[in-house]
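Peer 1: just to be clear, the model below is a prediction. Sequence and coordinates:
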Amino acid sequence: MKIVIIGNSAASTAAIEAIRKYDNRSTIKQLTDEIHPLYSRCLTSYFIAGKIDQDKLLYRTSDFHKKMKVELHSGMYAEEVDTKRQQIKCRGGKQQHAERQ
């Protein structure tokens, strides 16, 4: 099976971990408009205020996607999901496919 996850938040990370707990064979692509590694958006204000260091923002190691066998596509903003054609149109006209195997 091919799976596409849109976003780079705690929810998408939990989804990846849940999938991999039971399925190590499916292909997972993750699309995110973020260009930064996995970080906690909730802690951003504490970082800006100087109450925590930058390393405290990160909630997974830098090799998370590699370990989880996830094909990460950073800087891609998903604009439209076509479930019938199993395609995701991203800003700039790029398309990602999640066709069944």
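Peer 2: Arrived safely, thanks for sending.
Peer 1: any idea which element residue 71 lies in?
Peer 2: Assigned by DSSP states H and E, residue 71 belongs to strand 70-74.
Peer 1: pairing partners for that strand, with directions?
Peer 2: Applying DSSP bridges, strand 70-74 is found paired with strand 27-32 (parallel).
Peer 1: immediately after the strand it pairs with, which helix or strand?
Peer 2: helix 44-48.
Peer 1: just the buried residues of whichever helix or strand comes after that following helix, please?
Peer 2: Counting by DSSP H and E, the element after helix 44-48 in chain order, helix or strand, is helix 64-67. Within helix 64-67, the residues scored as buried using 16 or more other Cβ atoms under 10 Å are 64, 65. All C-beta atoms are positioned from the backbone trio N, CA, C, and that covers glycine.
Peer 1: low pLDDT regions in the protein?
Peer 2: Residue ranges of the chain with pLDDT under 70: 93-101.
Peer 1: output the contacting helices and strands for the longest helix belonging to it.
Peer 2: Ranked by residue count and defined by DSSP state H, the top helix of the chain is helix 10-22. Counting contacts by 3 or more Cβ pairs under 8 Å, 6 or more residues apart in numbering; DSSP states H and E, helix 10-22 packs against strand 2-6, strand 27-32.
Peer 1: using JSON lines, lay out those strands together with distance to residue 64 and mean neighbour count.
Peer 2: As requested, these are arranged in JSON lines below (distance: least, Cβ to Cβ, whole Å; neighbours: other Cβ atoms under 10 Å):
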{"stretch": "strand 2-6", "distance to residue 64": "13", "mean neighbour count": "17"}
{"stretch": "strand 27-32", "distance to residue 64": "10", "mean neighbour count": "20"}
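Peer 1: follow-up on the earlier one: got the CA coordinates for the longest helix of the chain in PDB?
Peer 2: Taking C-alpha atoms only, helix 10-22 is exported to PDB below (Å, rounded to 0.1, in the frame of the first residue of the first chain):
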ATOM      1  CA  ALA A  10       2.700  15.800  16.300                       C
ATOM      2  CA  ALA A  11      -0.400  14.200  14.700                       C
ATOM      3  CA  SER A  12       1.400  13.200  11.500                       C
ATOM      4  CA  THR A  13       4.300  11.900  13.600                       C
ATOM      5  CA  ALA A  14       2.000   9.800  15.700                       C
ATOM      6  CA  ALA A  15       0.300   8.500  12.500                       C
ATOM      7  CA  ILE A  16       3.700   7.400  11.100                       C
ATOM      8  CA  GLU A  17       4.700   5.700  14.400                       C
ATOM      9  CA  ALA A  18       1.300   4.000  14.600                       C
ATOM     10  CA  ILE A  19       1.500   2.800  11.000                       C
ATOM     11  CA  ARG A  20       5.100   1.500  11.400                       C
ATOM     12  CA  LYS A  21       4.100  -0.300  14.600                       C
ATOM     13  CA  TYR A  22       2.000  -2.700  12.500                       C
END
